[in-house]
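Participant: structure for this input, please:
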Amino acid sequence: LDFSSKKKKKPKNFLPPDPPQAEVALTPAKVAEDRGPSTATVVESAQGGMEPEAPIKNATEGIAQSSTTGYPYDMLLARVFAQIQALNPELMSDTKRRLVMAPPCMARVGTKKTHFTNFNGICRSLNRDPAHLSAYLFAELGTTGSVDANGALLIRGKYQAKHIEPVLRNYARTYVLCSTCQSPDTELSRDSRLLFLQCKTCRSRVTVKSVTSGFQAVTGKRAAIRAKTQ
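Facilitator: Predicted coordinates:
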């Protein structure tokens, strides 16, 4: 047996190419004929006859016709300034409101106490509660005191105006001036054990830390203090 010879393959039958056909130009009538009956809906007229419905216009044409022209930039800018003038006229003024505070007037009472005479007037200029401002002064100075019937603050210790001015300045920066627009027209409000500083000019609202007193050393005779507590 001779296995070296390969298997003979059958010859493939090649089909002759189709004869070239003449190209037919597609006209609207030819396209309508190829598609079949017209898709235009037919409505019945009042006389009983049949007439084709008018073709629907392009949707973009209706949108283009119904759309309004854009507003000019100058008109929109004028409307914005008119709204600001109606709602917040103070923002349109060139002069900003500044915080004006009188210098503290200190007077010596005896040898161990100081009288803050215009304390009530400073509280009114800052628009803050005297109890809150006095608590801040006592915490920063590390002392105690009380408010008398005339609204003056009686501080334990010897203090001058140069000692009180930096404390008042820090208080105004933290609890009076707005951190966004630096406006003094603010108010303090407490919500869920948090103290908020809310500005009436720019409507911003930020949290501020509460006043906490630091360590105070026990001075004087301990026996007298112990006797008072008993």
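
Participant: where does this protein dip in pLDDT?
Facilitator: Low-confidence segments of the chain, defined by pLDDT under 70: 1-69, 90-97, 214-222, 230.

Participant: quickly list the domain ranges of this protein.
Facilitator: The chain breaks down into these domains under automatic domain parsing: 100-176, 179-212.

Participant: got TSV for those domains, with distance to residue 72 and mean neighbour count too?
Facilitator: All C-beta spots, glycine's among them, are computed from the backbone N, C-alpha and C. As requested, the domains of the chain are exported to TSV (distance: least, Cβ to Cβ, whole Å; neighbours: other Cβ atoms under 10 Å):
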stretch	distance to residue 72	mean neighbour count
domain 100-176	43	16
domain 179-212	29	14
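
Participant: residue 154 contacts residue 146, correct?
Facilitator: Yes - counting by Cβ atoms under 8 Å, residue 146 is a contact partner of residue 154 at 5.4 Å.

Participant: quick one on the thing from earlier: want to throw the domains of the chain into a markdown table with distance to residue 82?
Facilitator: As requested, these are arranged in a markdown table below (distance: least, Cβ to Cβ, whole Å):
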| stretch | distance to residue 82 |
| --- | --- |
| domain 100-176 | 30 |
| domain 179-212 | 19 |
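
Participant: among the ones you listed, which comes closest to residue 78?
Facilitator: Distances from residue 78 to each of the domains of the chain were compared using Cβ to Cβ; the minimum, 22.2 Å, belongs to domain 179-212.

Participant: now the end-to-end length of the closest one.
Facilitator: Chord length of domain 179-212, first to last residue, is 21 Å (Cα to Cα, to the nearest Å).

Participant: can you check stretch 98-106 too?
Facilitator: Span of stretch 98-106 from end to end, Cα to Cα: 25 Å.

Participant: and the helices in this structure?
Facilitator: Secondary structure of the chain (DSSP state H): helices located at 28-35, 59-66, 73-87, 119-126, 130-141, 161-175, 222-229.

Participant: how near is the residue lying closest to residue 205 once chain neighbours are set aside to residue 122?
Facilitator: Spatial nearest neighbour of residue 205, chain neighbours left out: residue 198 (4.6 Å); criterion: Cβ to Cβ, 6 or more residues apart in numbering. Plainly put, residue 198 is 21 Å away from residue 122 if you go by Cβ to Cβ, to the nearest Å.

Participant: do the same with residue 181
Facilitator: Spatial separation of residue 181 from residue 122 under the definition Cβ to Cβ is 23 Å.

Participant: for residue 130, same thing?
Facilitator: With the distance defined as Cβ to Cβ, residue 130 ends up 9 Å from residue 122.

Participant: before we move on, what about residue 146?
Facilitator: According to Cβ to Cβ, residue 146 and residue 122 sit 17 Å apart.

Participant: if we can go back for a sec, shared neighbours, residue 130 and residue 122?
Facilitator: Common neighbours of residue 130 and residue 122 (criterion: Cβ atoms under 8 Å, 6 or more residues apart in numbering): none identified.

Participant: quote the end-to-end distance of stretch 104-120.
Facilitator: Taking Cα to Cα as the criterion, the two ends of stretch 104-120 lie 11 Å apart.

Participant: do the same with stretch 126-146
Facilitator: Counting by Cα to Cα, you get 19 Å between the two ends of stretch 126-146.

Participant: ditto for stretch 121-137
Facilitator: Using Cα to Cα, the end-to-end distance of stretch 121-137 comes out at 15 Å.

Participant: contacts for that stretch?
Facilitator: Judged by Cβ under 8 Å, 6+ apart, the contacts made with stretch 121-137 from elsewhere in the structure are 99-102, 104, 119-120, 145, 147, 151, 153, 155, 164, 167-168, 171-172, 175-176, 184, 186-188, 211, 213.
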